[in-house]
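In: quick one, what's the 3D model for this:
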Amino acid sequence: METRGVCALILLFAAPAIEERGRFKLSHQGRDAGSEEYRFEEFDDGQVVLFSKAKYELELAGGQKRAYITDTVLTMDRAFAPLLYAG
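Out: Purely as a prediction, here's the structure:
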């Protein structure tokens, strides 16, 4: 029981202070290409983290189509200056 209480307390302090999420439609050359889902989390220590996942398809030269999936994590300070990018 004591261990559970400590774990719950640690998770409580690690929780984001502010969270915002949404979804964008992506287009390429005026046509729907896919969508991107994002989530911003602002933590008490001043870091803001953007998590995003996108699935889209682009038409290349010659009529070929190529599917893309991106998964991005961007850590920033409160002024949104980038600190760490992974994608």
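
In: pretty sure A67 is touching L60, no?
Out: No: judged on CB atoms under 8 Å, A67 makes no contact with L60 at a distance of 11.2 Å. C-beta: built from backbone N, CA, C; applies to glycine.

In: helices and strands of this structure: which one has the lowest mean pLDDT?
Out: Here the helix or strand of the chain ranked lowest by mean pLDDT, DSSP states H and E is helix 2-14, holding a mean of 44.

In: next SSE after that helix?
Out: strand 18-28 (DSSP states H and E).

In: next, the angle from the helix or strand following that following strand to strand 18-28.
Out: Using DSSP H and E, the next helix or strand after strand 18-28 towards the C-terminus is strand 31-42. Computed by axes from the mean of the first three to the mean of the last three CA atoms, to 10 degrees, the angle separating strand 31-42 from strand 18-28 equals 160 degrees.

In: what lines up beside strand 31-42 in the sheet?
Out: Counting by DSSP bridges, the strands paired with strand 31-42 are strand 18-28 (antiparallel), strand 48-59 (antiparallel).

In: for D77, which of these is the nearest?
Out: Counting by CB to CB, D77 lies closest to strand 48-59 out of these; the figure is 7.1 Å.

In: quick check: mean pLDDT of the closest one?
Out: In this model, strand 48-59 has an average pLDDT of 93.
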